[in-house]
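1. Got a sequence here, can you model it:
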Amino acid sequence: MRYVKKILGQLNDLLLVNFEVEKIYSDVIDEVTDDSLRLFFKERALERNEFSKRINIEIEALGETPERIGALSKNFYKIKTKFKNLAFVKNESDLLDEVFNLKQDSINKYNEVLMQPHLPLKLCKILVKQRDSIQATLRVLKREYAVVA
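-> Below you'll find the model as predicted:
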């Protein structure tokens, strides 16, 4: 029971992270002028929305109600402002650096949850798939960014 409460807390944190990242990506869509970046942010926002829905389902399967997202982290506002400023000045290089950092932070958060003992196998598979999707996007961005740089 103690493990379930700890897992639920971390799942709610992960849900919040996905919500925050989705919101950042959605907000930046209107700020960037490059069509490929706009498409990238739109696709990533949709991906994070799907991740959130799946985590919601898993929290409910564990017998809890997902925490309503009302209190966004302090870090969210700092990151969101930084993204909007970089998009506004059209500094693509710095914007991509922030995307790298955001993705790496997300991967770290997933890894924290995945290291929990007694994590149900079904949940573990879902989280690994989501984390791997984020990592794959990060690898593609790094490869494309290296070509541009």
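2. could you pull out the helices for this protein?
-> With DSSP state H, the ranges of helices along the chain come out as 2-29, 35-61, 74-88, 92-114, 121-148.
3. So which helix or strand of this structure has the lowest pLDDT on average?
-> helix 74-88 (a mean of 60; mean pLDDT, DSSP states H and E).
4. rewinding a little: and the helices of the chain, which one averages the lowest pLDDT?
-> Ranked by mean pLDDT, these bottom out at helix 74-88, with a mean of 60.
5. Would you quantify the distance from Gln130 to Leu95?
-> Separation of Gln130 from Leu95 (Cβ to Cβ, to the nearest Å): 23 Å. Where you see a C-beta, it was placed from the backbone N, CA and C, and this is true even at glycine.
6. repeat for Lys109
-> Lys109 is 21 Å from Leu95, by Cβ to Cβ.
7. For those two, indicate the residue with more neighbours.
-> Taking other Cβ atoms under 10 Å, Lys109 and Leu95 do not tie; Leu95 has more neighbours (23 against 19).
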